[in-house]
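Engineer: Fold the following, please.
(one chain, ligands or ions: 1)
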Amino acid sequence: MLGIVFTTLIEMLEEKVSPEFADEVITEAKLENDGAYTAVGYYPFSELQKLVGVLVNKTGKPVDVLLYEFGIYLFGKLAKAHGQVMAGRDGILDALSVLDNDIHVQVRKLYPDADLPTFKVVAQTDKTMRLQYYSTRELASLAEGLMDGAAAHFGQRISRTTVKLDQAHTYEFSITVED
Ligand code: HEM
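Structural biologist: Residues are numbered from 1 along each chain as shown. Have a look, this model is predicted:
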């Protein structure tokens, strides 16, 4: 998993709680490198699981809520750091429809070893989309936060439902853009 994910999570804790809290979380997670991540380095996914595990204990919030909140924050940081990747997209459904064929393709050029998920549009109208998400990391709640963060980026409001499918590691999001 790419370092920018870790540096952004730590930054969120520093900003939303305090630098002391972020230090405590890093210490308690007993990370391999004491939390000395660089944005362009790669680290095991298990390190993120350790950090989130400590956060569950310290905040009492469920994993899904923490990942969702992080997703919203992460979208803001990614869109700011790599604005060109979103250039030319005119709304949330437009962005989601090109996630696999354009947005994450550009990300792959920036970060060749990125662990990216797969998104497949299975139905789309002007205002609605059914989107399947596949990742062995099963970060569906993170994806929900990223989608809501992206909608906010375009000044749109969406409603969504998520269903876990029978296929391994696969979720389906049904998204509606509200007027
Ligand atoms: C439009 C909404 C977006 C959604 C729903 C989305 C979804 C995701 C998800 C769910 C992951 C976690 C990895 C996994 O599930 O296995 C991920 C990773 C990532 N995404 Fe996206 N993404 C979006 C937009 C973007 C944008 C705009 C950028 C950059 C400008 C970006 C860059 C990345 C990067 C760098 C990673 C980390 C890869 C790694 O850890 O190796 N994404 N994305």
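Engineer: going forward, measure contacts and count neighbours with C-alpha atoms only.
Structural biologist: Will do.
Engineer: Tell me if stretch 127-147 is near the ligand.
Structural biologist: Yes - Stretch 127-147 reaches the ligand (CA under 6 Å from any ligand atom) through 135, 137, 139, 142-143, 146-147.
Engineer: Give the buried residues for that stretch.
Structural biologist: For stretch 127-147, the neighbour count (16 or more other CA atoms under 10 Å) marks 128-135, 139-147 as buried.
Engineer: Next: stretch 75-92.
Structural biologist: So for stretch 75-92, counting by 16+ other CA under 10 Å, buried means 75-79, 85-86, 91-92.
Engineer: about what we covered before: would you mind giving the residues of stretch 127-147 next to the ligand as a markdown table with pLDDT and distance to residue 39 added?
Structural biologist: A markdown table is the format used below for those (pLDDT from 0 to 100; distance: CA to CA, whole Å):
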| residue | pLDDT | distance to residue 39 |
| --- | --- | --- |
| 135 | 98 | 22 |
| 137 | 97 | 20 |
| 139 | 98 | 20 |
| 142 | 98 | 19 |
| 143 | 98 | 20 |
| 146 | 98 | 19 |
| 147 | 98 | 22 |
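Engineer: Pull the residues that contact the lengthiest helix in the chain.
Structural biologist: Longest helix in the chain, counting residues (DSSP state H): helix 63-81. With CA atoms under 8 Å, 6 or more residues apart in numbering as the test, helix 63-81 has contacts from 5, 8-9, 12, 52-53, 55-56, 85-86, 139, 141-150, 153.
Engineer: Which of these fall in helices?
Structural biologist: Under the assignment DSSP H, the contacts of helix 63-81 contribute 5, 8-9, 12, 52-53, 55-56, 85-86, 141-150, 153 to helices.
Engineer: Phi first, then psi, for residue 160.
Structural biologist: Residue 160 adopts backbone torsions of phi -150, psi 150, taken as degrees, to the nearest 10.
Engineer: wait, it sits on residue 178?
Structural biologist: No - checked against CA atoms under 8 Å, the pair residue 160 and residue 178 is beyond contact range at 10.3 Å.
Engineer: Name the residue in those two with the higher neighbour count.
Structural biologist: Higher neighbour count among residue 160 and residue 178: residue 160, with 15 against 10, using other CA atoms under 10 Å.
Engineer: so how far is stretch 62-75 off the chain centroid?
Structural biologist: Distance, stretch centre to chain centre, for stretch 62-75: 7 Å (CA atoms, centre = their mean, to the nearest Å).
Engineer: Please export the C-alpha coordinates of the helix or strand bottoming out on mean pLDDT in the chain as PDB.
Structural biologist: For the chain, counting by mean pLDDT, DSSP states H and E, helix 83-86 ranks last in confidence among helices and strands (a mean of 92). Provided in PDB are the C-alpha atoms of helix 83-86 (Å, rounded to 0.1, in the frame of the first residue of the first chain):
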ATOM      1  CA  GLY A  83      -5.600  17.900  -9.600                       C
ATOM      2  CA  GLN A  84      -4.800  17.100 -13.200                       C
ATOM      3  CA  VAL A  85      -6.100  13.500 -12.700                       C
ATOM      4  CA  MET A  86      -9.600  14.900 -12.200                       C
END
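Engineer: Appreciated, that's everything.
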